[in-house]
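Novice: build me a model from this:
(one chain, ligands or ions: 1)
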Amino acid sequence: MNSENSNIVLKTEDLSIGYRKKKDTQIIAKNIDIEIHPGELVAVIGINGAGKSTLLKTLSGITQSIDGEVFISRKKLSKTDPDKLAKHISLVLTDQMPSKNLSVTELIALGRQPYTNWIGRLTKNDLKKIMSAIKMVNIEDIKNKKCHELSDGQFQKVLIARALAQDTSLIILDEPTTHLDLYHKAYVLKLLQKLSKETGKAILFASHEINLALQLCDKLVILKDNRAVFGTPNELIQKNLLDDLFPQNLIQFDKNSSSFKIK
Ligand SMILES: Nc1ncnc2c1ncn2[C@@H]1O[C@H](COP(=O)(O)OP(=O)(O)OP(=O)(O)O)[C@@H](O)[C@H]1O
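Specialist: Next up is the predicted model:
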């Protein structure tokens with residue numbers, strides 16, 4: 001085994017994702033083969049309803065896969081105790097907000113839950129991880145504010161800090177730039193890129209910000225027509241895999257600028 005293979009944070013083998021309802025099985029995407037290494041920033045892209053959230057929920061064990069395997073740090077996800085999973089994956093889901101009545105520091109401290117005892121008492125090491133997360137995301141100035149006092153952009157940074165405090169090798173975020181203006185979308189994705197490189201954590205996120213993802217990510221997963229393709233932005237562009245991501249009557253992929261343009 002070469003050193004790349006021994007350092008796999010997340011891998012899927014012939015994964016099928018979807019939903020089972022009584023006798024019916026709805027396949028959202030199949031034959032998904034992806035492999036993510038430490039320090040990589042990876043985006044999942046695709047049109048509305050393509051299955052981005054379903055994929056992230058399946059990779060994090062919230063939704064059961066239909067077929068195939070997910071490996072987290074080379075262990076089968078299906079065989080990993082859910083309590084132990086929180087030490088491997090931190091999850092930032094925008095539709096499952098913790099209470100905004102907490103202070104910023106209290107919310108980030110929730111990231112230490114997988115490690116604290118039943119009373120939730122924080123040790124010196126927990127406090128160190130919390131402070132280090134606050135510093136890495138550069139939110140010292142708002143650490144004593146209540147979360148309901150924050151802008152969407154500030155709150156997103158707090159959620160990222162909570163994921164960092166959880167100290168896992170993989171961070172998964174579902175649409176971390178929703179409700180942000182163009183500057184803050186770029187800011188948050190650039191922050192994720194910096195954190196992946198500085199901490200060596202693998203960061204996987206779903207996004208509609210394809211132009212930004214093409215510039216910032218090491219790899220992309222494109223979901224389209226119940227299939228997934230995986231590769232570096234360059235590989236995907238060279239294979240023309242972005243050309244028909246959207247109906248081409250309105251927007252078109254421009255290879256020269258590696259971005260989508262209005263027709
Ligand atoms: N709990 C569920 N049960 C059954 N079907 C679901 C469930 N959640 C989502 N779906 C269906 O799965 C498909 C993919 O949805 P999903 O939310 O994963 O897409 P998405 O790419 O994240 O979309 P968007 O960009 O709009 O957020 C859709 O057809 C959706 O209706």
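Novice: CA only for contacts and neighbour counts going forward, please
Specialist: Will do.
Novice: break this protein into its domains for me.
Specialist: Listed domain ranges for the chain are 1-88+172-177+202-258, 92-167 (source: automatic domain parsing).
Novice: can you pull out the low-pLDDT segments for the stretch 1-150 of the chain?
Specialist: Low-confidence segments of the stretch 1-150 of the chain (pLDDT under 70): 1-6, 95-96, 118.
Novice: residues from it in reach of the ligand?
Specialist: Residues of the stretch 1-150 of the chain found near the ligand (C-alpha under 6 Å from any ligand atom) are Tyr19, Ile28, Gly46, Ile47, Asn48, Gly49, Ala50, Gly51, Lys52, Ser53, Thr54.
Novice: which stretches in the chain count as helices?
Specialist: In the chain, the helices defined using DSSP state H lie at 3-6, 52-59, 82-85, 104-109, 124-136, 152-165, 182-199, 210-216, 233-238.
Novice: export those helices to CSV and tack on mean neighbour count?
Specialist: Shown next, in CSV, are the helices of the chain (neighbours: other C-alpha atoms under 10 Å):
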stretch, mean neighbour count
helix 3-6, 10
helix 52-59, 22
helix 82-85, 12
helix 104-109, 23
helix 124-136, 18
helix 152-165, 23
helix 182-199, 17
helix 210-216, 18
helix 233-238, 16
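Novice: wait, which of those is closest to Glu35?
Specialist: Closest to Glu35 of these is helix 3-6 (C-alpha to C-alpha; 9.2 Å).
Novice: give me the number of residues near the closest residue to Gly200 other than its chain neighbours?
Specialist: Among residues not flanking Gly200 along the chain, Gly39 sits closest, at 3.9 Å (C-alpha to C-alpha, 6 or more residues apart in numbering). Residues within reach of Gly39, counting by other C-alpha atoms under 10 Å, total 21.
Novice: what sits against Gly39?
Specialist: Each residue near Gly39 by C-alpha atoms under 8 Å, 6 or more residues apart in numbering is listed here: Ser196, Lys197, Glu198, Thr199, Gly200, Lys201, Ala202, Ile203.
Novice: give the contact list for the residue of the stretch 51-200 of the chain found nearest the ligand.
Specialist: Going by C-alpha to the nearest ligand atom, the ligand is nearest to Gly51 of the stretch 51-200 of the chain, at 3.3 Å. Applying C-alpha under 8 Å, 6+ apart to Gly51 gives the contacts Ile28, Ala29, Leu223.
Novice: then Phe246?
Specialist: Phe246 sits in contact with Ile47, Gln252, where contact means C-alpha under 8 Å, 6+ apart.
Novice: could you pick out which of the contacts of Gly39 are near the ligand?
Specialist: Of the contacts of Gly39, not one also sits near the ligand (C-alpha under 6 Å from any ligand atom).
Novice: can you tell me which two in these are farthest apart?
Specialist: Spanning the widest gap among the contacts of Gly39 are Glu198 and Ile203, at 11.8 Å by C-alpha to C-alpha.
Novice: these two touch, right, Ile8 and Pro38?
Specialist: Yes: under the criterion of C-alpha atoms under 8 Å, Ile8 makes contact with Pro38 at 7.1 Å.
Novice: returning to what we had before: what would the domains of the chain look like in CSV with distance to Tyr183?
Specialist: Converted to CSV, those look like this (distance: least, C-alpha to C-alpha, whole Å):
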stretch, distance to Tyr183
domain 1-88+172-177+202-258, 10
domain 92-167, 10
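Novice: about what we covered before: please report the distance of the residue nearest to Gly200 from Ala228.
Specialist: Using C-alpha to C-alpha, to the nearest Å, we find Gly39 at a distance of 22 Å from Ala228.
Novice: on that earlier part again, what backbone torsions are found at the residue nearest to Gly200?
Specialist: phi 80, psi 0 (degrees, to the nearest 10).
Novice: from the ligand, how far off is it?
Specialist: Between Gly39 and the ligand the distance is 24 Å, computed by C-alpha to the nearest ligand atom, to the nearest Å.
Novice: and Ser78, what does it touch?
Specialist: Gly61, Glu69, Val70.
Novice: who wins on neighbours among those?
Specialist: Val70 (26 neighbours).
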